[in-house]
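# this is the structure alone, sequence omitted:
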């Protein structure tokens, strides 16, 4: 029986713990909600539980589609057992519709459909506000190899196919999302989490925002929106 031991890392919304198995970790999803690289943080009741169960549900769907993930076992309402990955410090971002930083950078209209979907890389660095990078920089600085980046890109596009269809069937648009990858025994594996904290989701008909933009933009009803997304997908929150 694997047991949780010492704290390894405390992020903005999750705490990572070592376990009695050196190849496994426990992720604890907290109720903390942050925006603007941690400059604004609030506690939202039930959010940790929702994101944990939401993430487990999505990761199972991706595993079924042939995308390797770090998730092993749901442990409790707010904890999950995962493989210990050597994380690659580059985020992969897919955009199906223009929103967020893309609108600010290029001055395009929010909600513009992007055909085909765009793919971007960002360095994971809060102090630098996660700057955009390219494959050449990632290879030159040793963040990842060309082969690893190609695999990450292929898996991200595959995830977009699977998840866009999943959300569409539940009456939602998957606007954009980020994925993080790591290495497990040399294999590229999807890590971190997939939740409304790291993607944008809009109601297909009304374009109502159902993700963390509700927190960033002061729209209110953050947890209620997360719960609605989970319920539409059939995530068990009991």
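Great, that's in hand. Quantities reported herein were computed from a predicted structural model and do not represent experimental measurements.

# which parts of the top helix by length along the chain are buried?
For the chain, the longest helix by residue count, based on DSSP state H, is helix 146-169. Applying a neighbour-count criterion of 16 or more other CB atoms under 10 Å, one finds 148-149, 151-152, 155-156, 159-160, 162-164, 166-167 buried in helix 146-169. Placement of C-beta: from N, CA and C, glycine included.

# any idea how far residue 206 is from the residue most central in space within the chain?
Centroid-nearest residue in the chain: residue 194, 3.4 Å away (criterion: CA atoms, centre = their mean). The gap separating residue 194 from residue 206 is 23 Å, by CB to CB, to the nearest Å.

# cool, residue 197 as well?
Residue 197 is 22 Å from residue 206, where distance means CB to CB.

# which of the two has more neighbours?
Of the pair residue 197 and residue 206, residue 197 is the one with more neighbours under other CB atoms under 10 Å, namely 24 against 8.

# which residue ranges of this protein form strands?
Assigned strands in the chain, in chain order: 4-10, 14-19, 24-29, 32-35, 40-43, 71-74, 79-83, 86-97, 113-123, 132-133, 172-184, 187-191, 199-203 (criterion: DSSP state E).

# list the helices and strands the fifth one packs on?
Yep, that's strand 40-43 we're talking about. Secondary-structure packing of strand 40-43 (3 or more CB pairs under 8 Å, 6 or more residues apart in numbering; DSSP states H and E): strand 32-35.

# then the first one?
Judged by 3+ CB pairs under 8 Å, 6+ apart, the packing partners of strand 4-10 are strand 14-19.

# tell me where the model's unsure across the protein.
37-38 (pLDDT under 70).

# could you dump the buried residues of helix 146-169 into TSV and include distance to residue 41?
Formatted as TSV, the buried residues of helix 146-169 follow (distance: CB to CB, whole Å):
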residue	distance to residue 41
148	33
149	32
151	34
152	29
155	31
156	28
159	28
160	30
162	32
163	27
164	31
166	30
167	27
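
# out of these, flag the one nearest to residue 183.
The nearest member of the buried residues of helix 146-169 to residue 183, counting by CB to CB, is residue 148 at 7.6 Å.

# which residues touch that closest one?
By CB atoms under 8 Å, 6 or more residues apart in numbering, the contact set of residue 148 is 88, 181, 183, 188.

# likewise for residue 32?
12-13, 41-43, 48.

# what's the separation between it and residue 15?
9 Å.

# so what's the closest residue to residue 146 other than its chain neighbours up against?
Closest residue to residue 146 apart from its sequence neighbours, by CB to CB, 6 or more residues apart in numbering: residue 139 at 5.6 Å. Neighbour list for residue 139: 145-146, 149 [criterion: CB under 8 Å, 6+ apart].

# one more: residue 48?
13, 28-32, 77-78.

# I figured the residue nearest to the centre of the chain hits residue 55, correct?
Yes - the pair residue 194 and residue 55 qualifies as a contact (CB atoms under 8 Å) at a distance of 5.7 Å.

# and residue 151, what does it touch?
By CB under 8 Å, 6+ apart, the contact list for residue 151 reads residue 188.

# same question for residue 49.
Shown in contact with residue 49 (CB under 8 Å, 6+ apart): 29, 77-78, 237.

# now these in CSV, with distance to residue 130?
Shown next, in CSV, are the contacts of residue 49 (distance: CB to CB, whole Å):
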residue, distance to residue 130
29, 21
77, 30
78, 26
237, 30
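
# so which of these comes closest to residue 59?
Nearest to residue 59 among those: residue 29, at 12.9 Å, using CB to CB.
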